[in-house]
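Visitor: Return a 3D structure for these sequence lines:
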Amino acid sequence: MDERLTPFEDKMKKSYHNLIEELGTVRAGRANPHVLDKIKVDYYGTPTSLQQVANVSVPEPRMIQIQPWEASLVKEIEKAINMSDLGINPTNDGKVIRLVFPELTEERRKELAKDVKKKGEAAKVAIRNIRRDANDSFKKLGKSSEVSEDEVKDLETQAQKMTDKFIADIDKAIEEKSKEILTV
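Guide: Numbering: from 1, shown residues only. Alright, predicted model coming up:
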């Protein structure tokens, strides 16, 4: 692959990995500790990620258990979860916080699948924008006579192949996540 394509490929990879991380936080009926990734806890005045102040485990398919390193953090963690958009009320026994995930309704599953598709479309748009930027930079190279017209065409073709590969990967990720969500 041409080294002039590398910065654009890196950007496409970042867009793809960003989507995969976002899909990991989407709740699919079973307990997934990644739904807590974006939650920050006030730890002595510093917003800190939940995984850094507690042990997060999944003892049952529909339950996440959070055991803070310090007992004094139970209330802070509970507050952070309540303020998040998880939509689950935490229960605690003074030492451990439990999140019990209810069975998703058919309607909610379809809503989540639509949301996943939207996130996928946004990622595809980002990939296509990167391709457009790549093609623009190749055309500028052609105009400045640094490369021949044939080279410009070749670079554009390579950029298109790269774009197609990432779009296919995104489609596959969306399909897998949708299937996971819609499976009861």
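
Visitor: Tell me which residues touch the residue lying farthest from the centre of the chain, please.
Guide: Distance from the centre of the chain peaks at Ser145, with 40.9 Å (C-alpha atoms, centre = their mean). Counting by C-beta atoms under 8 Å, 6 or more residues apart in numbering, Ser145 touches no other residue. C-beta: built from backbone N, CA, C; applies to glycine.

Visitor: gap between it and Phe138?
Guide: Distance of Ser145 to Phe138, given as C-beta to C-beta, to the nearest Å: 13 Å.

Visitor: repeat for Gln51
Guide: For Gln51, the distance to Phe138 - C-beta to C-beta - is 42 Å.

Visitor: Can you report how many residues lie near Asp133?
Guide: For Asp133, the neighbour count with other C-beta atoms under 10 Å is 14.

Visitor: again with Lys124
Guide: Neighbours of Lys124 (other C-beta under 10 Å): 18.

Visitor: Let me see the contact set for it.
Guide: 167, 170.

Visitor: Output the longest helix belonging to the protein.
Guide: Secondary structure assigned by DSSP state H gives helix 106-143 as the longest helix of the chain.

Visitor: residues of that one that come out buried?
Guide: Buried positions in helix 106-143, judged by neighbour count with 16 or more other C-beta atoms under 10 Å: 109, 112-113, 115-116, 119-120, 123-124, 126-127, 130-131, 134-135, 138, 141-142.
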